[in-house]
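S.K.: here's my sequence, what's the structure:
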Amino acid sequence: MKGNMNNMMKQMQKMQKKMMQAQDELHEMSFEATAGGGMVTITANGKKEITDVQIKEEVVDPDDIEMLQDLIIAATNEVLKQIDDKTNQTMGQFTKGLNMPGMF
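M.R.: Residues are numbered from 1 along each chain as shown. Below is the predicted model:
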């Protein structure tokens, strides 16, 4: 019985190490999303930190600031969704088969 417990602990430690490595790799990834046919581009890393915002000059209209705001929101929401999807895909392999609410 004790041997089984030690073996299980080693497997859990190995899985934890793989999870941490996968999470580190996710944090280093770069994600990009655009809105308005490429008028606004948002880049973020896997930690959900916005690292770059590109706005095409022709979309900047002082009489229509709301459109620019909407494009920025749309691109930002899309890049965050991409990060969530990739995180769920990557980290989900570790929780597959485990019924653990609130995990990824």
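
S.K.: pretty sure Met15 is in a helix, no?
M.R.: Yes - under DSSP: H, G, I helix; E, B strand; the rest coil, Met15 falls within a helix.

S.K.: give me the nearest residue to it, chain neighbours excluded.
M.R.: Nearest residue to Met15 in three dimensions, chain neighbours excluded: Phe94, at 6.3 Å (CB to CB, 6 or more residues apart in numbering). The way it works is simple: take the backbone N, C-alpha and C, and place the C-beta from them, glycine included.

S.K.: give me the element that neighbour is part of.
M.R.: Element membership of Phe94, judged by DSSP states H and E, is helix 65-95.

S.K.: surely Thr76 and Thr51 touch.
M.R.: No - if you go by CB atoms under 8 Å, Thr76 and Thr51 don't touch, sitting 12.0 Å apart.

S.K.: higher neighbour count, these two?
M.R.: Taking other CB atoms under 10 Å, Thr76 and Thr51 do not tie; Thr76 has more neighbours (17 against 13).

S.K.: dump the residue contacts of the more buried one.
M.R.: Ala33, Ile42, Ile50 (CB atoms under 8 Å, 6 or more residues apart in numbering).

S.K.: how about a cut-off of 6 Å?
M.R.: Ile42 (CB atoms under 6 Å, 6 or more residues apart in numbering).

S.K.: got it, and Met39?
M.R.: Lys56, Val59, Leu71.

S.K.: next one: phi and psi at it?
M.R.: When read as degrees, to the nearest 10, the backbone of Met39 gives phi -70, psi -30.

S.K.: run a quick neighbour tally on the nearest residue to it once chain neighbours are set aside.
M.R.: Spatial nearest neighbour of Met39, excluding adjacent residues (CB to CB, 6+ apart): Val59 at 4.1 Å. As a burial measure, Val59 scores 17 neighbours (other CB under 10 Å).

S.K.: switch to numbering from 357
M.R.: Let's use 357 as the start, then, which means that last one is Val415.

S.K.: the residue nearest to Met371 contacts Lys374, doesn't it?
M.R.: No - between Phe450 and Lys374 there is no contact under CB atoms under 6 Å: 7.2 Å.
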